[in-house]
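Enquirer: fold the following and give me the result.
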Amino acid sequence: MVNLVIDGKPLQATEGQTILEVALAANIYIPTLCHHPKLQPFGACRMCLVKVEGMRNVVPACTTPVAEGMKVTTKDAEIDGLRQGILELILSEHPSSCIVCEDRELCFKYHREPQKAGACTGCRTCPNFDGCELFKVAERLGVRDIGVKIEYKNIPVRRDDPFLDRDYNICILCGRCVRVCSELRGEDAIAFTQRSQKATIGTAFDRPLLESGCVFCGACVDTCPTGALSEKRTKWGGKPDAVLTSTCLLCPVGCAIWVDSKYGRVINVRPTAGGPSGGQLCALGRFCIPPMFNAQERLEYPLVRKGGALVPVGWDEALAFVAARLKSFKPDELGFVVSPALTNEAGHLLQKLARTALGTGNLLLASRLAGPYMEAFPAGAPPRGTFADLAKADTVLVVGSDLEVDAPVLAVPAHQARRKGASFVAVGKLHRRPRYVDMHVEPASLHSFIAEVARLAGPAPSGAAGTTPGLTGGEREKAAEIARALKGKVAILFGGQLAGPDAARTIALLGSLASSTGGTLLPIWDGGNVQGMLDVSAAGSFGGNVRALYLTHQVEKIPDGAGFVVLQDVFRSALMDRADAVLPAAAFTETEGTATSLEGRVQRLERCAAPPRMALPDWEIFARLGTALGAAGFGQRSAEEVRQGMPRSAPMTATGHAGGETLSLRKGPAYRGCPVRELVADYERVMARWEVPR
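Expert: This next block holds a predicted model:
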């Protein structure tokens, strides 16, 4: 431990900490604009200047490490004067009319919403109104006048990219956006450009972000202290009525999110400070949730087919109709398609509805990976990895997944491992090769290639010994190179490109490879809560005699043999043309419950917004339908009550293939089978630019 004194207060610190870190931990205020707890010290803004006894000049607290016996002064007349002078220089190039306005207190009191404007001319026209760190520092230092010449930058606002706008007229060159892009995300899509008074932040050759390698994760927006980077859709939404913590279900990572709501609608989504994703999100979670769940395509009323047309009815009539029709079929004629976007509570009630109330085991989880995974490990899978394992790995092997599309946030711990010296190997199709990938190979057969890697790397399951057929000479060389690279702590991830007739055998090989190398295995599920559906036994397989189909997930084509179809969904779709009943469901931001991430972590979902019109949470629809069927055990009135009745652990009882190919599941990021790119125009622009096939 290191002993030091800050402003007369004796403190202890660990070796390597900076003065700023120790002061902040001790609740001693030191102003700063370029510091961020997740980024390396930078020393750009010079607002954190302090005095250290024995040093001739003031020093930046954010880059000065503590030392034994150090005595630090953070505030006196000289320091305050230096900080105010530096801040005035920053404000001289920043629209600052509200900061120095004599009437600002009254303005803030009676005009709480920002005023929409083409460019920022002051606090009232700033998209970061209420969250500007520059304003807070100016207020704390008592700056109410600017004693230097004011020069407005007059830089055109960039609006040519998806999701966000860039107004560098209010940029203070703190560098936080550049550093978060490089240090945390590993992308380096933006950088400092030019010098001196012309210095700004931008891209190579001033290209749009869409052409610079940006993945539109929004990390730069969330770290910007002034609003120079802002979200197009939500920046004028104003102060939310409520802010709740929930979980994103658009991919299996399970990122923790803050959901801002206003008038019962989601207006913005931001990453929480912690959570499994470490305070990071992707384009889906950061930007796509509000436009998706506020879309006009939302289902609002129960519909029942009468006289050849779907007619709006009340819930009692709709469920009575569905219950009567379902009871008219034999148990083996009933089939339930389970969405991996359901909550654990909804999945539990759905499998209970099918098995207990209707006596059928025809539960098909809408996942290409779930069935092969269960076939590969009938006696239990090898050790399940975590994000912490991924960040600490010496070798990261990703098979059959384009990480930046399937689970982009996993690139964060993978990049952390890479920065510490780990090797990163990708096997399969990539829309591009990220900077952190050391080796990439796209073999003709993933199964044959992984079999060769497993054969060369160590003990393999029976049937994998000997020379692996079906490989080219170049693929054999690459397999040998990868086998040699599997050293130290190995983290193996696999995704939906493995789907196909060899999927189960390939996954088994990866499990064997993880076991033989002492590594861990992480499935990148093709759905937000596949793991949860497996855990509550809401998965299985179909027989060949299904005549009544209950869909909670969109498929490309309904089997011809289905004579009765129930569609329980969030969005309108072409499937409604075949549906006999349509039941509107709430989205995951509109329901309470739990979901299980790909690393097995059970996380809470909160009701952050109101479902549209008559839409209900899935668990409530299943509970009401069970009651309409006359079955016992379906009187739950809350998700918590459902959860209390769930077994604490349930084995994965599903057998056989998940049927993804039979159902023709849509590929790419989707929610309940509806592709995100069909609902969010900016996301379509990103996918089209990346040339990700539909």
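
Enquirer: any buried residues in stretch 432-439, and which?
Expert: Within stretch 432-439, the residues that qualify as buried are Pro434, Tyr436, Val437, counting by 16 or more other Cβ atoms under 10 Å. The way it works is simple: take the backbone N, C-alpha and C, and place the C-beta from them, glycine included.

Enquirer: surely the last one and Ala426 touch.
Expert: Yes: A contact is recorded between Val437 and Ala426 when judged using Cβ atoms under 8 Å, the distance being 5.1 Å.

Enquirer: around Lys136, count how many other residues there are.
Expert: Using other Cβ atoms under 10 Å, Lys136 is surrounded by 13 other residues.

Enquirer: quick one: pLDDT of it?
Expert: For Lys136, the model assigns a pLDDT of 90.

Enquirer: my guess is it is in a helix, correct?
Expert: Yes: under DSSP: H, G, I helix; E, B strand; the rest coil, Lys136 falls within a helix.

Enquirer: can I get the buried residues of stretch 432-439 in a markdown table including pLDDT, distance to Pro312 and secondary structure?
Expert: A markdown table is the format used below for those (pLDDT from 0 to 100; distance: Cβ to Cβ, whole Å; DSSP: H, G, I helix; E, B strand; the rest coil):
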| residue | pLDDT | distance to Pro312 | secondary structure |
| --- | --- | --- | --- |
| Pro434 | 84 | 48 | coil |
| Tyr436 | 82 | 51 | coil |
| Val437 | 89 | 51 | coil |
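
Enquirer: of the residues you listed, closest to Val565?
Expert: The shortest approach to Val565 among the buried residues of stretch 432-439 belongs to Pro434, at 42.0 Å (Cβ to Cβ).

Enquirer: tell me if I'm right that the closest one and Pro408 touch.
Expert: No: Pro434 is beyond contact range of Pro408, at 10.3 Å (criterion: Cβ under 8 Å).

Enquirer: in the stretch 51-200 of the chain, which spans are strands?
Expert: Remark: strands assigned in the stretch 51-200 of the chain by DSSP state E, counting those that start in this stretch are 59-60, 70-73, 164-166, 191-193, 200-202.

Enquirer: now Asp145. Nearest residue, chain neighbours left out?
Expert: Sequence neighbours aside, Val100 is the residue nearest to Asp145 in space, at 5.7 Å (criterion: Cβ to Cβ, 6 or more residues apart in numbering).

Enquirer: find the nearest non-adjacent residue to Gln531, please.
Expert: Nearest to Gln531 is Thr596, by Cβ to Cβ, 6+ apart, at 4.3 Å.

Enquirer: and for Thr200?
Expert: Tyr168 (5.2 Å).

Enquirer: ok, Ser516 - how many residues close by?
Expert: Counted by other Cβ under 10 Å, the residues lying close to Ser516 total 17.

Enquirer: which one of the strands of the stretch 51-200 of the chain lies closest to Ala451?
Expert: Per Cβ to Cβ, nearest to Ala451 of the strands of the stretch 51-200 of the chain: strand 191-193, 42.8 Å.

Enquirer: contact partners for the residue nearest to Pro434 when sequence neighbours are not counted?
Expert: Closest residue to Pro434 apart from its sequence neighbours, by Cβ to Cβ, 6+ apart: Glu404 at 6.4 Å. Contact partners of Glu404, counting by Cβ atoms under 8 Å, 6 or more residues apart in numbering, are Val215, Ala411, Leu430, His431, Arg432, Pro434.

Enquirer: ok, Leu39 next?
Expert: Arg176, Arg179, Val180, Glu183, Leu184, Thr223.

Enquirer: what element comes up after the worst-scoring helix or strand of the chain on mean pLDDT heading to the C-terminus?
Expert: Within the chain, no helix or strand scores below helix 660-663, which has a mean of 52 by mean pLDDT, DSSP states H and E. The element immediately downstream of helix 660-663 (helix or strand, assigned by DSSP states H and E) is strand 670-671.

Enquirer: other residues contacting that next one?
Expert: Strand 670-671 has contacts (Cβ under 8 Å, 6+ apart) with Leu249, Leu250, Met292, Ala341, Gly528, Gln554, Val570, Ala587, Val676.

Enquirer: try stretch 591-598
Expert: Contacts to stretch 591-598, defined as Cβ under 8 Å, 6+ apart, come from residues 247, 249, 252-254, 276, 343-346, 407, 522-525, 528-532, 535, 588, 602-607, 611, 617-619, 638-640, 642-643.

Enquirer: filter the residues you listed down to the buried ones.
Expert: Those of these that meet the buried threshold are 247, 249, 252-254, 276, 343-346, 407, 522-525, 528-532, 535, 588, 603, 605-607, 611, 617-619, 639, 642-643, by 16+ other Cβ under 10 Å.

Enquirer: residues near Leu353, how many?
Expert: Applying other Cβ under 10 Å, we find 24 residues neighbouring Leu353.

Enquirer: repeat that for Ser339.
Expert: Around Ser339 there are 29 other residues, counting by other Cβ under 10 Å.

Enquirer: can you pull the contacts of the residue nearest to it when sequence neighbours are not counted?
Expert: Nearest residue to Ser339 in three dimensions, chain neighbours excluded: His553, at 3.6 Å (Cβ to Cβ, 6+ apart). Taking Cβ under 8 Å, 6+ apart, we find His553 in contact with Val337, Val338, Ser339, Pro340, Ala341, Ala366, Asp569, Leu665, Arg672, Gly673.

Enquirer: in a markdown table, list those along with secondary structure and pLDDT.
Expert: Shown next, in a markdown table, are these (DSSP: H, G, I helix; E, B strand; the rest coil; pLDDT from 0 to 100):
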| residue | secondary structure | pLDDT |
| --- | --- | --- |
| Val337 | strand | 96 |
| Val338 | strand | 97 |
| Ser339 | coil | 97 |
| Pro340 | coil | 96 |
| Ala341 | coil | 97 |
| Ala366 | coil | 94 |
| Asp569 | strand | 98 |
| Leu665 | coil | 82 |
| Arg672 | coil | 96 |
| Gly673 | coil | 95 |
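
Enquirer: in a strand, Glu15, correct?
Expert: No: secondary structure of Glu15 (three-state DSSP): coil, not part of a strand.
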